[in-house]
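1. build the 3D model from these lines:
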Amino acid sequence: MGTNAGLKRISNGEHGEKYKDLLYIRRKYIDKDNLRNAIAEIVNAILRNKMTDIWGEGTTSCASDSKKFGAWDQNLMTEWHIRYRGVMIYWHAAKHSTCIYSQLKSCSSSEVASMIEGVLKHCTSMEVEKNYVDSHGQSEVAFAFCHLLGFQLMPRLKAIHSQKLYRPDSGMSDAFPNLQPILTRPINWEIDSSAI
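-> Presented below is the predicted three-dimensional model:
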């Protein structure tokens with residue numbers, strides 16, 4: 001599985017295993033769930049045994065992002081996008097360490113959904129308290145679900161200098177000196193949400 005060489009080429013090796021035996025093992029024991037469990041075992045062993053002088057202390061944060069891979073046109077997941085053709089692999093990586101979750105996704109699917117899925121389904125012993133994403137991995141809905149699910153969304157906001165944020169209350173014009181260029185009026189907490 002790791003070499004992507006194929007069972008016929010592997011069966012030609014000097015180990016005495018026949019192609020039919022390898023094919024039987026793959027059909028009988030190797031499926032998505034077993035692969036996910038095997039990956040979780042390896043990641044847990046890495047997290048338990050990593051050298052802190054090299055990798056740092058144990059962490060409760062990860063970063064997630066996608067990477068484009070070219071794919072055959074006949075692949076059901078392949079999509080044409082204005083910037084690329086193919087599929088995306090969405091990764092969750094522990095800080096300074098290893099990938100704790102990955103998933104295949106189409107180019108047009110939501111990165112927010114992939115980010116949340118990875119935090120919830122990573123199957124390792126790591127407890128994720130913070131997840132760092134780029135601009136595509138965040139939205140108001142993402143912040144809401146992350147809060148409800150008990151972890152913090154930590155986005156890198158693209159073009160934050162051109163954004164406008166509201167002050168939490170009136171009379172706080174000097175409360176956030178580093179945010180002055182992007183702060184505007186106070187939030188109107190009395191707005192009736194049914195009128196929106």
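
2. tell me which residues of stretch 182-193 come out buried.
-> Within stretch 182-193, the residues that qualify as buried are residue 183, counting by 16 or more other C-beta atoms under 10 Å. In this view, the C-beta of every residue, glycine as well, is placed from N, C-alpha and C.

3. so for it, mean pLDDT?
-> Stretch 182-193 shows a mean pLDDT of 79.

4. return the alpha-carbon coordinates of it using PDB.
-> Extracted in PDB, the C-alpha atoms of stretch 182-193 (Å, rounded to 0.1, in the frame of the first residue of the first chain):
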ATOM      1  CA  ILE A 182     -10.200  48.000  10.900                       C
ATOM      2  CA  LEU A 183     -12.700  48.800  13.600                       C
ATOM      3  CA  THR A 184     -16.000  50.500  12.800                       C
ATOM      4  CA  ARG A 185     -19.100  51.300  14.700                       C
ATOM      5  CA  PRO A 186     -20.300  49.400  17.800                       C
ATOM      6  CA  ILE A 187     -22.500  46.300  17.300                       C
ATOM      7  CA  ASN A 188     -26.200  47.000  17.600                       C
ATOM      8  CA  TRP A 189     -27.300  44.300  20.000                       C
ATOM      9  CA  GLU A 190     -30.900  45.300  19.800                       C
ATOM     10  CA  ILE A 191     -31.500  44.300  16.200                       C
ATOM     11  CA  ASP A 192     -34.300  41.800  16.000                       C
ATOM     12  CA  SER A 193     -32.900  38.700  14.200                       C
END
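
5. show me the contact partners of that stretch.
-> Under the contact criterion C-beta atoms under 8 Å, 6 or more residues apart in numbering, stretch 182-193 has outside partners 160-161, 163-170, 172, 176.

6. write the PyMOL selection for whichever of these are buried.
-> Selection of buried members from these for PyMOL, criterion 16+ other C-beta under 10 Å:
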select buried, resi 167
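
7. got JSON lines for the contacts of stretch 182-193, with secondary structure too?
-> Shown next, in JSON lines, are these (DSSP: H, G, I helix; E, B strand; the rest coil):
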{"residue": "160", "secondary structure": "helix"}
{"residue": "161", "secondary structure": "helix"}
{"residue": "163", "secondary structure": "coil"}
{"residue": "164", "secondary structure": "coil"}
{"residue": "165", "secondary structure": "strand"}
{"residue": "166", "secondary structure": "strand"}
{"residue": "167", "secondary structure": "strand"}
{"residue": "168", "secondary structure": "coil"}
{"residue": "169", "secondary structure": "coil"}
{"residue": "170", "secondary structure": "coil"}
{"residue": "172", "secondary structure": "coil"}
{"residue": "176", "secondary structure": "coil"}
